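> Fold the following and give me the result.
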Amino acid sequence: MDTTQIEKRIFEHYRGQLGDRKITTQKVDKYSGADNEYDDCVRDIQERLKIKLKGGSVCSTILLHQLSRHKCQLGEEFNSVIEYYNSSEILDLIECIEQGKVNQRCELFKHQPLKGLYKIHHGAFSGIGFSLTLNIFKYWFDEKGEVIHSKRKKDFENIINNAREQSFSTILLQMHDKAILTLIAKRKLTGEWLIFDKKDDINRYLCLATHDEGDKRIFDKKIQPCYLELN
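You can find the predicted model right below:
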């Protein structure tokens, strides 16, 4: 395979993906659904939470409706960008937190006003949002040009050489997995968070948020209403 041509093709692919997945409010006239369809989604999420949550753990009304929006494929606005998440994947993540299977991925916010709250990244494998693609793009490509980072060259060439005559999609999948698994292991995956806290050793799942929203906006618009409800 011509590595240079493959590299250029991959760059164009990811640049196109970033353009397609950055769905701004200006691109969408209205995103809402029929009341009966949305109500069905809320009830479904409520029933599934009964199974996922253990030992008194609770989910805020804000998160309930966020998950319902994504189940209904309505999308959700985060700082003028509309993201579409997989609600089932997030529910499974909640179950893993409850079972203590992802403790190493849970991090504490270090700065006010979110200091003391936990965050965990979601959507690493099944999300279709903009920030997931941006994570992969920034992992592989030099910000100064259309070339693979010098420190990623060897890994990139290994993927190309191992792929041999396999399809272009196989190469993309291997690049995706390498980037995401490395970023998770090094706790450098950025963008999409599930935020929760612990009170009396009980998990309280608060909201979905993104880095671009800003900590103060997240606290004022989401965390404070959750506290008013749950405290």
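
> domains in the protein, as residue ranges please.
Domain ranges of the chain: 3-14+132-185, 31-124+189-230, per automatic domain parsing.

> Report the contact partners of Trp193.
Trp193 makes contact with 119-122, 208-211, according to C-beta atoms under 8 Å, 6 or more residues apart in numbering. (Each C-beta comes from the backbone N, C-alpha and C, glycine too.)

> Of those residues, which belong to strands?
Applying DSSP state E to these, the entries found in strands are 119-121, 208-210.

> And those, which is closest to Asn158?
His121 (25.8 Å; C-beta to C-beta).

> What's the separation between the closest residue to Glu107 other than its chain neighbours and Tyr14?
Of all residues not flanking Glu107 in the chain, Lys119 sits nearest, at 5.6 Å (C-beta to C-beta, 6 or more residues apart in numbering). From Lys119 across to Tyr14, the span is 26 Å (C-beta to C-beta, to the nearest Å).

> go on, Glu89?
22 Å.

> residue boundaries of the helices in the chain?
Secondary structure of the chain by DSSP state H: the helices cover 3-21, 35-52, 61-71, 87-98, 130-140, 153-163, 168-185, 215-218, 224-230.

> Dump those to JSON lines, plus mean pLDDT, mean neighbour count and distance to Leu114.
Formatted as JSON lines, the helices of the chain follow (pLDDT from 0 to 100; neighbours: other C-beta atoms under 10 Å; distance: least, C-beta to C-beta, whole Å):
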{"stretch": "helix 3-21", "mean pLDDT": "82", "mean neighbour count": "14", "distance to Leu114": "26"}
{"stretch": "helix 35-52", "mean pLDDT": "93", "mean neighbour count": "14", "distance to Leu114": "23"}
{"stretch": "helix 61-71", "mean pLDDT": "95", "mean neighbour count": "20", "distance to Leu114": "15"}
{"stretch": "helix 87-98", "mean pLDDT": "94", "mean neighbour count": "19", "distance to Leu114": "18"}
{"stretch": "helix 130-140", "mean pLDDT": "83", "mean neighbour count": "21", "distance to Leu114": "18"}
{"stretch": "helix 153-163", "mean pLDDT": "88", "mean neighbour count": "15", "distance to Leu114": "34"}
{"stretch": "helix 168-185", "mean pLDDT": "86", "mean neighbour count": "16", "distance to Leu114": "21"}
{"stretch": "helix 215-218", "mean pLDDT": "95", "mean neighbour count": "16", "distance to Leu114": "5"}
{"stretch": "helix 224-230", "mean pLDDT": "96", "mean neighbour count": "14", "distance to Leu114": "11"}
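
> Could you pull up the residues touching Thr197?
Quick fix: residue 197 is Asp, not Thr. Going by C-beta under 8 Å, 6+ apart, Asp197 touches 116-118, 203-204, 206.

> same check, this time on Asp44
Asp44 touches 68, 71, counting by C-beta under 8 Å, 6+ apart.

> just to revisit the earlier point, looking at the ones in strands among the contacts of Trp193, which two lie furthest apart in space?
Using C-beta to C-beta, those reach their maximum pairwise distance at Ile120 and Thr210, which is 13.4 Å.
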